Structure formats: C-alpha cells, structure tokens
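1. sharing a model prediction with you, sequence too.
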Amino acid sequence: MVIRLPTVMANEIVSWRNVQVTDFHRLQQYLKSSLMKEVPSIGPGRIIRRRQDGSLEYLRDDLTIEEPLEIRIGGKSLATTMRTPGHDEELAAGFLVSEAIVHDRSAIARISRDGDNRVIVDLTSGVQLKLDSAQRFGTISSSCGLCGKTSIDAIRQSFPAIESTNLRIDIETLLSLPKKLQKAQGDFARTGGIHAAGIFDSNGELKSVREDIGRHNAVDKVIGRAFLDGLLPLNRHVLLVSSRASFEIVQKALAAGIPIVAAVSAPSTLAAEFARESNQTLIGFLRPPSLNIYSHIERVILEV
C-alpha cells in the first residue's frame, strides 16, 4: 500500500544537531527600493547564509547595484553601459574622452541627467560630432568595455603615444598605493563585488577614486572627473585599478595622457603590447611587497 502525503513548507529550518532555530518564513527573498538604499551604488538584499558551525541564518546583505545608463549626445543615443549608479556625468565625460569623441573640455557645454538612467551631453555650439565605424553602439556590459568594437587597429590610431618625460616614481611609493586605494574603497568593503580606479600623483598622493561594477566604468569616472576639471593630460600621474590590466584599461589611460598604469592583478598580452607601443609603464600584480613591470621600466626607481 502506498500512502501519498501533500508537500508542505515548514515554517522553520533547523540545522541538524543544532539547537539554534532560524525563522525563514518570509515573503521577501530580495528587497530593493529607494527607501532602503543607503548610498546610490549599494542595494540591500536578503540571503540565507550557512555558517561554519552548520547553522543557518537569514540576514541582510549589501549588493552592488547594476543598472543601465544611456549616454546621449543631444537627441542621439550613443551607447548604453551597464554600470553602478553614481557619478554618471563623470562616466559620460570619461567615455567620450576614451572613445576619442571629444578632446577638449570646451567641446562640452553641459551634461545633464534625464531620469535615473540617462545622461544627455550637449556639445558646444559649432562642435560637430564625428563617429566612425570603429566606435561602439548598443549595450556595453559591465564585464566588457570593448564590446562592439570592429577594429582594434582603429583604437590604436586614436591617441598618440605618451611623450618622453622625466617622470619617475620610487618603487616604495608604488608599493604603498594598493593600501591607499583599498582604504578609499567604501563600497568594496561592504559588497566585495565592485572595482575601483584611483589617480595618484608621483608622490603617491591619492587625487581621485571611483568605484563601479565595471572596471572600465570606474576608469571612465576618474578620467571624466579630471577632464571636467580641466586637468588633462595627467602626464605626471599613476592610474591604479583593483582589477586586471586589460587592453581597454591601458587604452583609456592613454586617452588621458597617463604614463604609468598599475593593477593589482594580471595584465593581458594585448595590454602589455599596447603599453610598450604607447610608451606607457605597465605594472601588474602590485601586491606588496612584490610587483611585476611589463614595459618601460625606466620610470620606476628600483633602488631603495
């Protein structure tokens, strides 16, 4: 004889051999509302976590927000990028600079928000928008800053190589940068899922830091801030990213005139090749007390 019982959902989950009881009988599995956002880039979530002792708990967790941002020039949609909200005007400005769409601060008359997920760039009267087939359109994911590119060679031709300068930085100063960047990463400390980009001067002083779920967006934001402040080219500065050093990161640094690019993780072969051709110093695995130098070592003072 077979006895069939209806499926039921228990109101409580009890860990085996554990006297701790946690109530999970709630409807909200994931919560996200404007009232609960503490900062624009972080949204709260509800998770079930299994602890080391085997017990289960229902608690709040901070998640990095990922939403689309449409960048428009006047009435024309240029691109949509998946980004973490915040500093959207800087992101738009940095995007235009790194795409070689604008070169001078005077070309932009105004950047304004149109709702939560759209920015409109108004060019100065008389400035003509020139786009070619190499420039991307459509949606750019948070993990890809070159999606939609049809020709890497066209990117190489957009920006001149860094001119030889007498900029040099002490190796101990370089080794001090990751800790300074980490201290400024408030969102990463809470979510563990967001990238950072920081601009430092040759003395190791942090000038600007921005965070975003997309590493290329974080770079666009810090470059955009410098561009809007009229500080480009940043030819006596260092760009440090909390991610790997991909081709797009080195290319964006070149657009801003940055001669030294450092990353806490690995570079790609294309990034190293591009840095050598562009007269940029590329540093990877910047994890004190060690680092790797992949190109133009002459800018690093190695002797202590």
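-> Arrived safely. Residues are numbered from 1 along each chain as shown.
2. can you get me a residue count around the spatially closest residue to Phe247 that is not a sequence neighbour?
-> Nearest residue to Phe247 in three dimensions, chain neighbours excluded: Leu270, at 4.3 Å (Cβ to Cβ, 6 or more residues apart in numbering). To be clear about C-beta, it is placed using only N, CA and C from the backbone, and glycine gets the same treatment. Leu270 sits with 14 neighbouring residues when counted by other Cβ atoms under 10 Å.
3. residue contacts, Leu240?
-> Leu240 is in contact with 177-178, 181, 197-198, 200, 262-264, 286, counting by Cβ atoms under 8 Å, 6 or more residues apart in numbering.
4. are any of those residues buried, and which?
-> If you count burial by 16 or more other Cβ atoms under 10 Å, the buried members of these come out as 177-178, 181, 197-198, 200, 262-264, 286.
5. just give me the closest of the residues you listed to Val102.
-> Within the buried ones among the contacts of Leu240, the smallest distance to Val102 is 19.8 Å, found for Ala197 (Cβ to Cβ).
6. centre of the chain versus the helix or strand containing the closest one, how much separation?
-> Secondary structure from DSSP states H and E places Ala197 in strand 195-201. With Cα atoms, centre = their mean, to the nearest Å as the basis, strand 195-201 stands 10 Å off its chain's centre.
7. which neighbours in the sheet does it have, and how are they oriented?
-> strand 206-212 (antiparallel), strand 237-241 (antiparallel) (DSSP bridges).
8. burial of the closest residue to Arg118 other than its chain neighbours, as a residue count?
-> Sequence neighbours aside, Glu70 is the residue nearest to Arg118 in space, at 4.5 Å (criterion: Cβ to Cβ, 6+ apart). If you count neighbours by other Cβ under 10 Å, Glu70 ends up with 17.
9. partner residues bridging Glu70?
-> Thr80, Arg118.
10. so how far is Gly115 from it?
-> Separation of Glu70 from Gly115 (Cβ to Cβ, to the nearest Å) stands at 9 Å.
11. do Gly126 as well
-> 28 Å.
12. with Ala253 instead?
-> Relative to Gly115, Ala253 is positioned 31 Å away (Cβ to Cβ).
13. between these two, which one's more packed in?
-> Ala253 (31 against 7).
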